[in-house]
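Colleague: Sequence unavailable; structure follows:
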């Protein structure tokens, strides 16, 4: 683990290679698994504001889930997550005629209809954030390894893209430019030490 500001960053974040290969996986991380994506109370408020815009684009099943339990729920671990359909699909996920999965929130953002991109947990994946109870370090960053992302590991290795490089935009969005620059310097120093 490396300390960057008030965070503890797993070595995997600096060392592992990763690059989403949507041509292979078709965005299946939004429709696989047994729980929704972590979402903060503040993000829930943002999504609630734009929900009227999203509802017409959602599947009938997703609309029913949202009507019954809302856009999020507390999972067995006690974490707030996005609501899901059939115990797997995020309510904000849609699949196009080619079988590609996409996020309705991100689609609306890219079209300039809203200013909220999507929950930071989705943007940062496969990095998962965990709250730390210590006074000095409050957030831990860990690499979540999942079988559905095998193609991303293959493409990352082929193109020599480290996980922290691939996730530059969401890392800056969450922690800021100065934090990211310090992370890059730490990664470079670590790489030099490993070559010695």
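Modeller: Noted; the coordinates are in hand. Since this is a predicted model, take the numbers as computed values, not measurements.

Colleague: contacts, neighbours, all on C-alpha from now
Modeller: OK.

Colleague: What are the boundaries of the strands in the chain?
Modeller: 2-4, 7-9, 72-74, 80-82, 84-85, 89-90, 93-95, 101-103, 127-131, 139-143 (DSSP state E).

Colleague: To residue 160, which of those lies closest?
Modeller: strand 139-143 (17.1 Å; CA to CA).

Colleague: List the contacts of the closest one.
Modeller: 6-10, 12-13, 126-132 (CA atoms under 8 Å, 6 or more residues apart in numbering).

Colleague: Could you turn the buried ones of those residues into a ChimeraX selection?
Modeller: Selection command for ChimeraX covering only the buried members of the contacts of strand 139-143, criterion 16 or more other CA atoms under 10 Å:
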select :6,7,8,9,10,12,13,126,127,129
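
Colleague: which residues sit in contact with the one residue sitting closest to the centre of the chain?
Modeller: The centroid of the chain falls nearest to residue 122 when counting by CA atoms, centre = their mean (2.3 Å). Contacts for residue 122 (CA under 8 Å, 6+ apart) come out as 37, 38.

Colleague: what's the pLDDT at it?
Modeller: Predicted confidence (pLDDT) for residue 122: 89.

Colleague: From residue 53, how far out is it?
Modeller: Going from residue 122 to residue 53 by CA to CA, to the nearest Å gives 20 Å.

Colleague: With residue 163 instead?
Modeller: On the measure of CA to CA, residue 163 and residue 53 end up 33 Å apart.

Colleague: And these two? Which one has more around it.
Modeller: The neighbour comparison of residue 163 against residue 53 (other CA atoms under 10 Å) goes to residue 163, with 23 against 16.

Colleague: now the end-to-end length of stretch 76-86.
Modeller: So stretch 76-86: terminal residues 17 Å apart, CA to CA.

Colleague: can you list the weak-confidence ranges in the chain?
Modeller: Counting by pLDDT under 70, the chain contains low-confidence ranges at 28, 30-34, 196.

Colleague: any chance you could map the helices in it?
Modeller: For the chain, the helices defined by DSSP state H occupy 11-15, 22-25, 41-54, 60-69, 104-110, 120-124, 150-159, 163-166, 168-175, 177-195.

Colleague: Throw the ones you listed into TSV and include distance to residue 88, thanks.
Modeller: Putting the helices of the chain into TSV (distance: least, CA to CA, whole Å) gives the following:
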stretch	distance to residue 88
helix 11-15	26
helix 22-25	16
helix 41-54	19
helix 60-69	11
helix 104-110	16
helix 120-124	15
helix 150-159	19
helix 163-166	25
helix 168-175	24
helix 177-195	33
